[in-house]
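Novice: just the structure for this:
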Amino acid sequence: MTAPDGLRRIWFSLDSPSQYFPLVYSTFRIEHALWGLNSTGYHWVNLLLHIANALLVWRVLARLHVPGAWLAGAIFALHPVQVESVAWITERKNVLMGFFFLLTLLAWVAFVGERTKRPWRFYGLALILYVLALSAKTTACTLPAALLLILWLQKKPINKRRLSQVVPFLIMGIGMGLLAVWWRGLVLPQQTHLAIQSDFHLSKMEHLAGASAGLRMVAGGNRVMCGDSLREALRGAQRRSRGRIFRRDTQPSARLYHALHVSLHVCGGPLPVSGVYRPDSPRLGRRGQFGRRA
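Specialist: Numbers count the residues shown, from 1 in each chain. As a prediction, this is how the structure comes out:
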């Protein structure tokens, strides 16, 4: 991050401390040059990226003429499943990938639009934005399916010409996916302490079981129910937070985001809540709210 040749090593070496996320580490390097190890700037960047993503969700759906686009953007902005991606500095990859992923979708919508002048400019822009999304997190490899879904929503024929336009995105996604598999299976275990190398040698069934457990947790493993009155709801939210939200998270951006979530829990009825809000969560025992060692 701070070495003189750090930018070259981030993009073109095997020295990455985790998986291959060169754009994420590049942003950390730039921010370190601006405000050092002061966490305030890093948290504000995460929060601003998340706000931009919510606006992009609204804009993409509005361009597709989907009813309730603004509501979808609001739910995306305030849903508790976003907590870790926004509040943890180390989860920059999620909000950064989402930003360029959504920009790619917006450029694709403009490209396939009938009223767009010089549409191939938007196609080239979509390819560039997709490269940036992949360099933030490999999960962006799922974008070709979203491109086809947009064609279907706009009732455009998915013919050979359209498929040929999707092929470059598919090739880049598959290539980056294979790179991630190779990195995780060969490079990362060599850089990781032997005590946790077993995580990289799980069987397919073990990986499937872990994914199923995560899905159950997100889909509804833990819920916060509002009480019979506002006072009871507030007391319930305070009991569940146990003061951790504002005692552990001193940055204004983190307090703002968590305050919105507490309000959502109080007024919105039953909502799935990420494990970071559980006082008995083992993650709180091992880490602070932002992924740092407590």
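
Novice: which outside residues touch the longest helix along the chain?
Specialist: Longest helix in the chain, counting residues (DSSP state H): helix 39-63. For helix 39-63, the external contacting residues (Cβ atoms under 8 Å, 6 or more residues apart in numbering) are 27-28, 31, 34-35, 69-70, 72-74, 76-77, 82, 85-89, 91-92, 95-96, 98-99, 102-103, 105-106, 109-110, 251-254, 256-257, 290. Heads up, the C-betas are built off the backbone N, CA and C, glycines and all.

Novice: quick one: mean pLDDT over stretch 32-39.
Specialist: Averaged over stretch 32-39, pLDDT sits at 91.

Novice: for that stretch, C-alpha coordinates in CSV please.
Specialist: Presented in CSV, the C-alpha positions along stretch 32-39 are these (Å, rounded to 0.1, in the frame of the first residue of the first chain):
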residue,chain,number,x,y,z
HIS,A,32,-3.7,6.8,2.5
ALA,A,33,-1.8,9.5,0.7
LEU,A,34,-4.6,11.9,1.4
TRP,A,35,-5.5,11.3,5.0
GLY,A,36,-3.2,8.5,6.2
LEU,A,37,-4.7,6.1,8.8
ASN,A,38,-7.5,8.4,9.8
SER,A,39,-10.6,6.2,9.4
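
Novice: now that stretch: buried residues?
Specialist: H32, S39 (16 or more other Cβ atoms under 10 Å).

Novice: kindly report the same for stretch 102-119.
Specialist: Result for stretch 102-119 [16+ other Cβ under 10 Å]: buried residues L102, L103, T104, L105, L106, A107, W108, V109, A110, F111, V112.

Novice: give me the subset of those residues that lies in helices.
Specialist: Using DSSP H, those in helices are L102, L103, T104, L105, L106, A107, W108, V109, A110, F111, V112.

Novice: distance-wise, check the fourth one relative to I150.
Specialist: It refers to L105. 7 Å (Cβ to Cβ, to the nearest Å).

Novice: again with H79
Specialist: Taken as Cβ to Cβ, the span from H79 to I150 is 22 Å.

Novice: one more: V109?
Specialist: For V109, the distance to I150 - Cβ to Cβ - is 6 Å.

Novice: what sits in contact with each of the two?
Specialist: Joint contacts of V109 and I150 (Cβ under 8 Å, 6+ apart) are L64.

Novice: okay, helices next: where are they in the stretch 51-200 of the chain?
Specialist: With DSSP state H, counting those that start in this stretch, the ranges of helices along the stretch 51-200 of the chain come out as 69-78, 83-87, 92-112, 119-136, 143-153, 160-182, 188-191.

Novice: between the ones you listed, which gets nearest to Y20?
Specialist: Closest to Y20 of the helices of the stretch 51-200 of the chain is helix 160-182 (Cβ to Cβ; 6.2 Å).

Novice: any idea of the angle that closest one forms with helix 92-112?
Specialist: Counting by axes from the mean of the first three to the mean of the last three Cα atoms, to 10 degrees, helix 160-182 lies at 170 degrees to helix 92-112.

Novice: who does helix 160-182 touch, helix- and strand-wise?
Specialist: helix 119-136, helix 143-153 (3 or more Cβ pairs under 8 Å, 6 or more residues apart in numbering; DSSP states H and E).

Novice: tabulate those (a markdown table), appending distance to R63.
Specialist: A markdown table is the format used below for the helices and strands packed on helix 160-182 (distance: least, Cβ to Cβ, whole Å):
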| stretch | distance to R63 |
| --- | --- |
| helix 119-136 | 12 |
| helix 143-153 | 9 |
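
Novice: quickly compare those and say which is most buried.
Specialist: helix 119-136 (a mean of 19; mean count of other Cβ atoms under 10 Å).
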